[in-house]
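Asker: Below: sequence and its predicted model.
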Amino acid sequence: MEIKNVNPQVKFKVQKIIASFSILIFIGKLSAYFLTNSVGILTDALESTVNVITGLISLYAIYISLKPKDKNHPFGHGKIEFLSASLEGFLIMLAGFVIIFEAIKRLFSPSEINQLDTGIIIVAIAGALNYLVGWYSIRIGKKNNSIALVSGGKHLHSDTYSSIGLVIGLILLYITKLAWLDSAIALIFGTIIIVTGVKILKETTSNLMDEADFKLIGDIGELLKKNRSDNWIDIHNLKLIKYGNSYHITCDLVQPHYLDISSAHAEGEKVKKVIHDNFSDDIVFTIHFDECHHSFCRHCGKKDCSDRKLEYAGGIEWNVENLIIESTAESMVLKN
């Protein structure tokens, strides 16, 4: 089972590409708006403004997140990616409210629309480019565990879906010549943009609050189970958080009480090696050692233990529920 990260510098390179394309797409949509004077196309142009701003902010955030740990930032700089993604969600919501305001204003005071056919073509091309760039951003973001790239890519995809709906609406407007359709289209997609911003903000807030990643904890349990040593009687109180490209993991390891400090330390290093071999090299792992007591005997697989009081009944299952139990006493109450 591989949980490795790709070279973090890739994220910075990808974000430069995304920011460059965002500027190009924004120029195209803004040109379409000035050509047509359509408030519907203005919605697309305003959202692209957000794309440009957040693209540049994300570029800076990734640059900062790649800096090594230092005295003032002992856990690294990775959390700035969550801040940039949160700002993106907020700006998307703000753009949505501006679009709705402009749409309502135009509904009561319609403006003449020109060269709509040209505007439709420009919006369609820009939407296709957005989708391709978004797909690329999500793909690389997932590969490199970058929430900034993933959230940015999802936003670009939502922008594409909005563009598809916008093109359909603009075609209807072009055929029917009904001026109110322009404002109606803007109202619909302004609302969609706000919902997208709320979703991004909700996701990034969870990450800022270090919400537990139970799937990743379960993956760690599987890794440890496959490489289990007889001296690893129990592992619990496992906590994992991620800052940029760095994993910070702590856990309690229960070992035979008669092991000397050197032997116990060696067993802890074995646990660390299992994790290091399957994660990125940038990892901070802290292990607290607990000594076993007789209630652990039924779960201890050591065949040469002279202090055994109970028959061996099988090792403790290292699933998510058992790994996150905090205390040894609570561990034995629930596992016996």
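Answerer: Looks like it arrived, so ask away. Numbering: from 1, shown residues only.
Asker: Near residue 277, how many residues? Count them for me, please.
Answerer: 11 (other C-beta atoms under 10 Å). (Each C-beta comes from the backbone N, C-alpha and C, glycine too.)
Asker: Just give the nearest non-adjacent residue to residue 29, would you?
Answerer: Using C-beta to C-beta, 6 or more residues apart in numbering and skipping the chain neighbours, the partner closest in space to residue 29 is residue 45 (4.3 Å).
Asker: so what's the one you found up against?
Answerer: Residue 45 sits next to 26, 29-30, 32-33 when contact means C-beta atoms under 8 Å, 6 or more residues apart in numbering.
Asker: which residues in the stretch 201-336 of the chain form helices?
Answerer: Counting by DSSP state H, counting those that start in this stretch, the stretch 201-336 of the chain has these helices, from start to end: 214-226, 261-276, 320-323, 328-335.
Asker: Mean pLDDT, distance to residue 52 and mean neighbour count added to those, as a markdown table?
Answerer: Output for those, formatted as a markdown table (pLDDT from 0 to 100; distance: least, C-beta to C-beta, whole Å; neighbours: other C-beta atoms under 10 Å):
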| stretch | mean pLDDT | distance to residue 52 | mean neighbour count |
| --- | --- | --- | --- |
| helix 214-226 | 85 | 33 | 17 |
| helix 261-276 | 89 | 40 | 14 |
| helix 320-323 | 86 | 41 | 18 |
| helix 328-335 | 51 | 51 | 16 |
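Asker: Tell me what the nearest residue to residue 257 once chain neighbours are set aside is bridged to.
Answerer: Closest residue to residue 257 apart from its sequence neighbours, by C-beta to C-beta, 6+ apart: residue 291 at 3.8 Å. Going by DSSP bridges, residue 291 is paired in beta bridges with residue 255.
Asker: please renumber so the chain begins at 53
Answerer: Okay, using 53 as the starting number, the last item reads as residue 343.
Asker: I'd like the distance between residue 343 and residue 378.
Answerer: Going from residue 343 to residue 378 by C-beta to C-beta, to the nearest Å gives 17 Å.
Asker: Next: residue 345.
Answerer: Residue 345 is 17 Å from residue 378, by C-beta to C-beta.
Asker: which residue ranges form the helices in the stretch 53-202 of the chain?
Answerer: Under DSSP H, counting those that start in this stretch, the stretch 53-202 of the chain gives helices at 61-88, 91-117, 132-160, 168-195, 199-228.
Asker: distance between the fourth one and the chain's centre?
Answerer: In other words, helix 168-195. The chain centre lies 21 Å from the centre of helix 168-195; the measure is C-alpha atoms, centre = their mean, to the nearest Å.
Asker: same deal with stretch 96-105?
Answerer: On C-alpha atoms, centre = their mean, the centre of stretch 96-105 falls 21 Å from the chain's centre.
Asker: Need the mean per-residue confidence for it.
Answerer: On average, the pLDDT along stretch 96-105 is 76.
Asker: quick revisit: top of the contacts of residue 97 by neighbour count?
Answerer: Neighbour counts for the contacts of residue 97, by other C-beta under 10 Å, peak at residue 81, which reaches 28 neighbours.
Asker: check contacts around that residue.
Answerer: Counted by C-beta under 8 Å, 6+ apart, residue 81 has contacts 93, 96-97, 100, 174-175, 178.
Asker: one more time with 10 Å
Answerer: 93-101, 103, 171, 174-175, 177-179, 182, 211, 215 (C-beta atoms under 10 Å, 6 or more residues apart in numbering).
Asker: List buried residues within those residues.
Answerer: 93-101, 103, 171, 174-175, 178-179, 182, 211, 215 (16 or more other C-beta atoms under 10 Å).
Asker: quick one, domains of this structure?
Answerer: 61-260, 266-387 (automatic domain parsing).
Asker: Check what pLDDT residue 298 gets.
Answerer: The model's pLDDT for residue 298 equals 67.
Asker: And the one 5 residues further on, by the same measure?
Answerer: Per-residue pLDDT puts residue 303 at 90.
Asker: where's it relative to residue 273, distance?
Answerer: 11 Å.
Asker: what touches both of the two?
Answerer: With C-beta under 10 Å, 6+ apart, residue 303 and residue 273 have common neighbours 287, 290, 375-376.
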